[in-house]
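Enquirer: dropping the sequence and predicted coords here.
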Amino acid sequence: MPHVLVLGGTTEARRLAETLHGTVRLTSSLAGRVAAPRLPPGEVRVGGFGGAAGMADWIRDHAVSAVIDATHPFAERISFNAAGAAATAHVPLLALRRPGWVPGAGDDWREAGSLAEAAQAVRGLGERVFLTTGRMGLAAFAHIDDAFFLVRSVDAPQPPFPPRSQVLLDRGPFTLDGEREILARHRIDVLVTKDSGGAATAPKLTAAREAGIPVV
C-alpha cells in the first residue's frame, strides 16, 4: 500500500486525511504549535523534521511514496523544505494552495505587508481592535497602549502582547452569527487578520463589512 505523508494541521489537510484514510497508508505531520490539535485519522507525527535534509531522511526511512503539502498559506519555511526534501528523496510532491480572500462591494480593506505595518495602520483606524493573526505575532502590537485588543487564539499567548488586551481562546470554523456577536459585544471598530483564505475563518470578514468596520 502506498505511504502518503500529509504536511498539514489545516482544515484542508484534515479533510484530505479523512478522504484518503483506508485507501493508502497515511501519515499526517503537525507542526506542534497547538497544544491540543484536532487529530486526523491515520498515523500522526508532531514536530519538525530538522530542515529539508531531515525531512528527506524521514521520507526515505519510512518508505514514503508521495508528499502532500497542505500547510497554512503563511508556513513558507515548511513548504520550502518540503519541495527540497521531495526532490532529494525522488518522490512526487503535491502542493495544495488556498486562494486568498477577495474584497467585495462594501468591504474596507487596508493591505499591510507585515505585522509591523499592520500595527502602524491600526493606530489611525480604531481604538478597539479584534486581532486574529494568531499568538505568534503579538509582539508587533505590544507597544500600542492607546487601543484595546481582543486577541483570538487557539492557545494562550505568551508575552509580549498589548497592555490593554483580552484573550479569547477559540478555534474555527466560526459562524457568521458568532462573529457578529463578538464585534457587537466588544464594540470592535477595526479587524486585523492574515489573508489566509478558506471558508473556516471567512465569516469575520462578512461581519466586518456588515458593521462598516475596516479590515487590515
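Expert: Sure thing, it's come through.
Enquirer: ok but Arg98 is inside a helix, no?
Expert: No - per DSSP: H, G, I helix; E, B strand; the rest coil, Arg98 lies outside any helix segment and is coil.
Enquirer: what distance do you get for the closest residue to it other than its chain neighbours to Pro99?
Expert: Closest residue to Arg98 apart from its sequence neighbours, by CB to CB, 6 or more residues apart in numbering: Gly197 at 3.6 Å. The way it works is simple: take the backbone N, C-alpha and C, and place the C-beta from them, glycine included. Distance of Gly197 to Pro99, computed by CB to CB, to the nearest Å: 6 Å.
Enquirer: which one's more surrounded, these two?
Expert: Per other CB atoms under 10 Å, whichever of Gly197 and Pro99 has more neighbours is Gly197, with 17 against 8.
Enquirer: okay, domains of the protein per the record?
Expert: 3-95, 115-211 (automatic domain parsing).
Enquirer: which strands or helices does the lowest-mean-pLDDT helix or strand in the chain pack on?
Expert: The weakest-scoring helix or strand in the chain, judged by mean pLDDT, DSSP states H and E, is helix 11-20 (a mean of 90). Helix 11-20 sits against strand 3-7, strand 25-30, with contacts defined as 3 or more CB pairs under 8 Å, 6 or more residues apart in numbering; DSSP states H and E.
Enquirer: what about the longest helix in this structure?
Expert: helix 76-89 (DSSP state H).
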